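*Asks:* got a predicted structure plus its sequence, pasted below:
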Amino acid sequence: MWTGYAAAVGGMVVYGVASVLQAYAARRATGPRVVVDPFYLAGLVGDGVAFVLSVVALATLPLFVVQSLLAGSLAVTVLLALPVLHLRPTRRDVVAVGVVTVGLLLVSASAAAESTRTPPAWFSTVMVVVAGVVVVASVLLYSRGTSVAVAVCAGLGFSLAALGARALHLGEGHWHELPGEPMTWVVVVGGGLGALMYARSLERGDVGPATAALWVVEVVVPGAVGVAVLGDAVRPGWEAAAVMGVIAAVAGCVVLAHSPAQA
């Protein structure tokens, strides 16, 4: 499990660093020039590395632990943005970072070993159908949806990617068989859709509400499915601590999403 914790914490840190790099690039350039800025490209590479680390973490940790730890990247972003972007921390930010830290410690301590249960036979079919529904909803909301509604679609896309990666881990296929696995394409479609819709949500509204909606969906949906369907478990006697930890982590992330460091 320690390898999983190290990978999840590494993904959290890399996601936070990547966000600051992209924000720094946005201050150096405007318009299309941003996407070719070296700092922006480095941020994109960081996002890819963080996703790989999250997949590694899912090999030994429950989904609710991995997703909660990744949400802690907002705290990393705020802490790094202070010296890099020359922002002053508010008292609310400091308290929120502390709440997130305590919440993540509770979540981490409450986790049992990842389940080795094979997903139900119907799981792949349901995931493909849900992916199709999310794609259709995203197409309909792309032009007319509010920023928060579009961010929810982004969170669902990333949730599909996390669940698909978990289901691939539980399967017994070999690497060369991945292109033929439905879950492989759920991961690809979900990840791509999440990135596209999150970018769109930032175009249509403030970063705070959009980011808050994104992470709430990303933590709650995969975590709930992992417990209800995929056999993720909490250590006996730690159920209340796990629930309080998730609530504290999500609440703290919602506050941090409105920090000046996220602007």
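*Replies:* Cool, got the structure. Since the structure is predicted, the reported quantities are computational estimates derived from the model, not experimental observations. Numbering: from 1, shown residues only.
*Asks:* enumerate every residue touching A167.
*Replies:* Going by C-beta atoms under 8 Å, 6 or more residues apart in numbering, A167 touches 119, 123-124, 127, 183, 186, 230. In this view, the C-beta of every residue, glycine as well, is placed from N, C-alpha and C.
*Asks:* drop anything exposed from those residues.
*Replies:* The neighbour-count criterion (16 or more other C-beta atoms under 10 Å) marks 119, 123-124, 127, 183, 186, 230 among these as buried.
*Asks:* which of the residues in the helix or strand of the chain with the lowest mean pLDDT are buried?
*Replies:* In the chain, no helix or strand scores lower on mean pLDDT, DSSP states H and E than helix 73-84, which sits at a mean of 77. Neighbour-count burial for helix 73-84 flags 73-82, 84 (criterion: 16+ other C-beta under 10 Å).
*Asks:* other SSEs contacting that helix?
*Replies:* Using 3 or more C-beta pairs under 8 Å, 6 or more residues apart in numbering; DSSP states H and E, the elements in contact with helix 73-84 are helix 2-28, helix 91-110, helix 239-257.
*Asks:* now do the buried residues in the second one.
*Replies:* Going by neighbour count (16+ other C-beta under 10 Å), the buried part of helix 91-110 is 93, 96-97, 99-100, 103-104, 106-108, 110.
*Asks:* from those, pick the one nearest M1.
*Replies:* M1 has its nearest neighbour among the buried residues of helix 91-110 in S108, at 9.6 Å by C-beta to C-beta.
*Asks:* show me where the chain dips below the pLDDT cut-off.
*Replies:* Scanning the chain for pLDDT under 70 picks out 26-35, 84-85, 87, 89, 113-117, 169-180, 207-208, 260-263.
*Asks:* which parts of the stretch 51-200 of the chain are helices?
*Replies:* Remark: helices assigned in the stretch 51-200 of the chain by DSSP state H, counting those that start in this stretch are 63-71, 73-84, 91-110, 123-144, 147-170, 182-204.
*Asks:* for A251, which of those helices is the nearest?
*Replies:* Minimum separation from A251 across the helices of the stretch 51-200 of the chain (C-beta to C-beta) falls at helix 91-110, 6.6 Å.
*Asks:* surely H258 touches A212?
*Replies:* Yes - if you go by C-beta atoms under 8 Å, H258 and A212 touch, sitting 7.2 Å apart.
*Asks:* contacts for the helix or strand where A210 lies, please.
*Replies:* In this assignment (DSSP states H and E), A210 forms part of helix 207-228. Contacts with helix 207-228, where a contact means C-beta under 8 Å, 6+ apart, come from 62-64, 67-68, 70-71, 74, 147-148, 150-152, 154-156, 158-159, 162-163, 166, 198, 201-202, 232-234, 246, 249-250, 253-254, 257-259, 262-263.
*Asks:* quick check: P62 touching A111?
*Replies:* Yes - the pair P62 / A111 is scored as a contact, 5.5 Å apart, by C-beta under 8 Å.
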